[in-house]
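1. sharing a model prediction with you, sequence too.
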Amino acid sequence: MAQLQNGYSNKKQLDIVVVGAGLVGSLEALYLAKRGHRVRLYEFREDIRKTPTARGRSINLALSVRGRRALKDVGLETHMIKEHGIPMTGRRIHRTDGSTYVIPYDANTKQCIYSVGRNYLNSLLLQESEKYDNVERYFNHKLIESNLKKGSLTFQRTDTNEQVHVTADLIIGADGAFSAVRKAMMKRPFFDFSQKYIEHGYLELCIPADDNGSFQMPANYLHIWPRGEFMMIALPNQDASWTVTLFMPFSKFKNLDTEEKLIAFFEKYFPDSIPLIGKDKLVEDFFAGSPSPLVAIKCRPYNVEDKALIIGDAAHAVVPFYGQGMNAGFEDCSLLDELFQKHNDNLVEILNEFSDTRWEDTFAISDLAMYNYIEMRDLVTRPSYRLRKAMDDFIFWLLPNFWVPLYNSVTFSTMPYSRCIKNREWQDQVLKKTWSFFGVAALIGGAVALKLKHFV
């Protein structure tokens, strides 16, 4: 038995229900299974391994250090990095004249992020759970009623309409941004909740492989077409295609209501992408769907006593512009596992500490993600941005243990997100004082020079 092999046979086995068999729910099931607990995984949708295209559109995922750490804990990091992930070493910026330039993510230590397929990773996590006899999977189960304080749930099978009643020692809601478990929490007093829809939506397009089955652009980059108020990005796929995502205000999407307007818009702002996508395919894909909204969610507390907990997007959905949504959700699982170890599976202590400490960092990454959209669509084109990045990279090279740039701390470390922000604020103050000092020194030097010249 898997739980015996992992050395937890002498501990009390908890009965845990995880709602949501997406990325975070499937990963959390693996963590709990490794600890020897009984896990029942319930999912509203069908098994993604049987109908991998049924989930609809989704933004590609960027796997970085926090997510890699979690995958390493369950034995899947090497496979994802070596067998599936495509390394992206920096941003390749596309100008309107078709020329490009590169902004490395980490010019000093050469770290990179990895483009991974959402469906592939989800399927891999579910497949791994098949190795544990203490994990049960139930698909096509819609949560319709909850009594979180009592640890009871009622599901309705979407294929038969049968109602299924379950109870558990612990309920973990990993059921996404529109979480049914969180909805039940919102009925309780002292639950704080806010959501923010940004005025920009996204629509996915595709750059296919060329006739030889190869990439049409340099593969090891996140390609960005920054245009101030809007932008387009492209991430590489395993089949040499590119998932292209256009982020733009809904009002601009609405104005592109004819083929002629769409082509004229792309010829003006993204001319080099037209031959890559193909004019006919561009028109077909653009008008085949509609732009999707982007929402950020903040809430707390994450737990109901020792009976229920929400993690991942259910607890802290963020906009995708820092590539940290999945990574932050996976980090939830890593931190929870540490707390299970620290508190010897005592649910009261585990859930209270997680809820009391995690919110500050998830609020921080939500704010960082909002800021990074402005950086990606606009600031990357400004000389001031490139100058600051060059300074950060130089000081980081000179004093790597003293000065870690914001992007590096968020993406290539496990520094708490809130500390990443505080670290950046401290760096801003240091640079401000440095510039002030040199400015004053220059003024004094100029005055002295003039005085000396007068006496001469």
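-> Perfect, thanks for sending it. Residues are numbered from 1 along each chain as shown.

2. all contacts plus neighbour counts: C-alpha atoms, from now on.
-> Will do.

3. nearest residue to the one residue sitting closest to the centre of the chain in space, please, no chain neighbours.
-> Centroid-nearest residue in the chain: residue 325, 2.2 Å away (criterion: CA atoms, centre = their mean). Spatially, and ignoring its direct neighbours in sequence, residue 325 is nearest to residue 318 (6.0 Å; CA to CA, 6 or more residues apart in numbering).

4. was I right to think that neighbour contacts residue 369?
-> Yes. Contact status for residue 318 versus residue 369: in contact at 6.9 Å, counting by CA atoms under 8 Å.

5. which one's more surrounded, the two?
-> More crowded of residue 318 and residue 369, by other CA atoms under 10 Å: residue 318, with 30 against 20.

6. tell me who's in contact with the more buried one.
-> Neighbouring residues of residue 318 by CA atoms under 8 Å, 6 or more residues apart in numbering: 295-297, 325, 365-366, 369.

7. what is the mean pLDDT for stretch 27-41?
-> For stretch 27-41, mean pLDDT is 98.

8. first to last residue in that stretch, what's the distance?
-> End-to-end distance of stretch 27-41: 11 Å, with CA to CA, to the nearest Å as the criterion.

9. export stretch 403-420 as PDB, just CAs?
-> Extracted in PDB, the C-alpha atoms of stretch 403-420 (Å, rounded to 0.1, in the frame of the first residue of the first chain):
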ATOM      1  CA  TRP A 403      20.500  42.700  -3.700                       C
ATOM      2  CA  VAL A 404      17.800  40.500  -5.300                       C
ATOM      3  CA  PRO A 405      15.700  42.200  -8.000                       C
ATOM      4  CA  LEU A 406      11.900  42.000  -7.600                       C
ATOM      5  CA  TYR A 407      11.300  39.600 -10.500                       C
ATOM      6  CA  ASN A 408      14.000  37.300  -9.300                       C
ATOM      7  CA  SER A 409      12.600  37.200  -5.800                       C
ATOM      8  CA  VAL A 410       9.100  36.400  -7.000                       C
ATOM      9  CA  THR A 411      10.000  34.000  -9.700                       C
ATOM     10  CA  PHE A 412      13.300  32.300  -8.800                       C
ATOM     11  CA  SER A 413      13.000  32.100  -5.000                       C
ATOM     12  CA  THR A 414      10.500  31.000  -2.300                       C
ATOM     13  CA  MET A 415      10.800  34.400  -0.500                       C
ATOM     14  CA  PRO A 416       7.300  35.200   0.800                       C
ATOM     15  CA  TYR A 417       5.500  37.400  -1.700                       C
ATOM     16  CA  SER A 418       5.000  40.100   1.000                       C
ATOM     17  CA  ARG A 419       8.700  40.200   1.700                       C
ATOM     18  CA  CYS A 420       9.400  40.500  -2.000                       C
END
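
10. if we go by neighbour counts, what in it is buried?
-> For stretch 403-420, burial by neighbour count (16 or more other CA atoms under 10 Å) applies to 403-413, 416-420.

11. now stretch 226-245
-> 226-227, 230-237, 240-245.

12. and it, how far out from the chain middle?
-> Put simply, stretch 226-245 sits 16 Å off its chain's centre (CA atoms, centre = their mean, to the nearest Å).

13. repeat for stretch 258-265
-> 32 Å.

14. tell me the domain ranges of the chain?
-> Per the record, the chain has its domains at 2-75+115-194+296-373, 200-288, 380-441, by automatic domain parsing.

15. which among those domains is found nearest to residue 90?
-> domain 200-288 (5.3 Å; CA to CA).

16. just for the stretch 101-250 of the chain, where's the confidence low?
-> Along the stretch 101-250 of the chain, no part satisfies pLDDT under 70.

17. in it, which spans are strands?
-> 113-116, 135-138, 141-147, 152-157, 163-167, 170-173, 192-197, 200-207, 222-226, 231-236, 242-249 (DSSP state E, counting those that start in this stretch).

18. and these: which comes nearest residue 430?
-> Nearest of the strands of the stretch 101-250 of the chain (CA to CA): strand 113-116, 28.7 Å.

19. what's in contact with that closest one?
-> Taking CA under 8 Å, 6+ apart as the rule, strand 113-116 contacts 60-65, 80-81, 84-89, 235-237, 411.

20. please apply the same query to stretch 188-207.
-> 57, 59, 185-186, 216, 241-250, 276-278, 282, 285-286, 289-301.

21. quick check: buried residues in the helix or strand in which residue 354 is found?
-> Element membership for residue 354, per DSSP states H and E: helix 347-377. By neighbour count on 16+ other CA under 10 Å, the buried set for helix 347-377 is 347, 349-352, 354-355, 358-359, 361-370, 372-377.

22. now that helix: mean pLDDT?
-> Helix 347-377 comes out at a mean pLDDT of 94.
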